[in-house]
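Asker: next come a sequence and a model predicted from it.
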Amino acid sequence: MARAREAGACMVSHYTTRPVLIASLLASLSGVSFAQDDAASGPDFWAVTGLKPGSSLNVRVSPSSSTDIALQISEGTILRNLGCEGKGDARWCRVEFPDGLAIAGWVSGAYLRESGAPPDADALVAGTRYNATGTLPCILIDYPGTTECPFGVIRAPTGLASVFITLPDGSERLIEFREKAPLTPTGTTMTSSRNDDLTTVVLDGGKETYTIADVVFGD
């Protein structure tokens with residue numbers, strides 16, 4: 001039952017995403033008590049395996065198939081093991097991406113096998129957690145005259161990328177991408193378009209507009 005529910009038949013075009021910083025997600029779980037195995041008793045890393053072609057594995061915010069989906073991940077994705085609970089197909093494992101992506105959560109252990117560490121990731125920009133930094137074109141209704149926004153990107157070899165955009169007030173806008181396709185940030189509406197090697201993301205009916213070049217994703 002758990003295997004059938006946690007591996008979707010196909011990738012969906014809109015997710016109930018929770019693209020939050022790992023620290024924030026872990027904090028939200030701090031008040032929940034689980035009979036969790038010690039992570040040290042299991043492997044350091046898992047690989048996602050056993051999915052049907054074209055399907056994906058749900059990453060959930062807590063160890064239950066009835067809770068919200070944070071993200072869906074593909075066959076072969078390497079995850080860091082943070083500990084598991086339960087047994088067999090009812091086993092849930094708490095995981096995070098090893099490359100610093102802003103997502104962590106729980107996945108069904110039925111689709112995990114022991115793995116080695118992932119290949120070395122991109123080098124980081126000195127003094128940062130980012131694989132690349134720079135500025136990108138932006139239009140912000142709340143900040144007239146703004147045409148460029150600083151950004152930093154964290155990349156993963158699985159085709160995922162987290163783009164952190166700094167707004168004029170110092171806050172950050174996080175946009176997650178899978179294979180260069182943006183995922184709708186929580187609490188917003190989004191449209192996007194492609195023009196050559198540029199992706200334009202429009203949030204909340206035009207309140208925020210960002211143009212991201214493919215080079216940001218490591219091309």
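Answerer: Arrived safely. Residues are numbered from 1 along each chain as shown.

Asker: where does this protein have low pLDDT?
Answerer: When residues are selected by pLDDT under 70, those of the chain lie in 1-5, 7-41, 88, 99-103, 119-122, 219.

Asker: please identify the residue most distant from the middle of it.
Answerer: Relative to the C-alpha centroid of the chain, counting by CA atoms, centre = their mean, Gly145 is the outermost residue, at 31.2 Å.

Asker: so how far is Leu136 from it?
Answerer: Counting by CB to CB, to the nearest Å, the gap from Gly145 to Leu136 is 16 Å. Backbone N, C-alpha and C define where each C-beta goes, glycine included.

Asker: and Ala117, by the same measure?
Answerer: As for Ala117, its distance to Leu136 is 31 Å (criterion: CB to CB).

Asker: show me which of the two is the more surrounded one.
Answerer: Per other CB atoms under 10 Å, whichever of Ala117 and Leu136 has more neighbours is Leu136, with 17 against 10.

Asker: and the helix or strand hosting that one, what other elements does it pack with?
Answerer: Secondary structure assignment for Leu136, by DSSP states H and E: strand 132-140. Counting by 3 or more CB pairs under 8 Å, 6 or more residues apart in numbering; DSSP states H and E, the packing neighbours recorded for strand 132-140 are strand 148-155, strand 208-213.

Asker: between strand 148-155 and the last one, find me the angle.
Answerer: This points to strand 208-213. For the pair strand 208-213 and strand 148-155, the angle between their directions (axes from the mean of the first three to the mean of the last three CA atoms, to 10 degrees) equals 60 degrees.

Asker: buried residues in strand 208-213?
Answerer: Neighbour counts over strand 208-213 (16 or more other CB atoms under 10 Å) mark 208-212 as buried.

Asker: okay but Tyr143 is in contact with Leu167, surely?
Answerer: Yes - taking CB atoms under 8 Å as the contact criterion, Tyr143 and Leu167 are neighbours in contact, 7.2 Å apart.

Asker: compare neighbour counts for these two and give me the winner.
Answerer: Just comparing Tyr143 and Leu167: by other CB under 10 Å the higher neighbour count belongs to Leu167, 16 against 13.

Asker: which residues in the protein form helices?
Answerer: Counting by DSSP state H, the segments of the chain that form helices are 2-6, 22-28.

Asker: next, the contact list for Ser74, please.
Answerer: Taking CB atoms under 8 Å, 6 or more residues apart in numbering, we find Ser74 in contact with 48, 51, 56-57, 158-159.

Asker: let's see which of these end up in strands.
Answerer: Counting by DSSP state E, those place 48, 56-57 in strands.

Asker: please identify which of those residues is nearest to Cys149.
Answerer: When these are compared for distance to Cys149 (CB to CB), Ser56 wins out at 30.7 Å.

Asker: skip the chain neighbours and tell me the closest residue to the closest one.
Answerer: By the measure of CB to CB, 6 or more residues apart in numbering, the closest residue to Ser56 outside its immediate chain neighbours is Gln72, 3.9 Å from it.

Asker: do the same with Cys138
Answerer: Using CB to CB, 6+ apart, the closest residue to Cys138 is Cys149 (3.9 Å).
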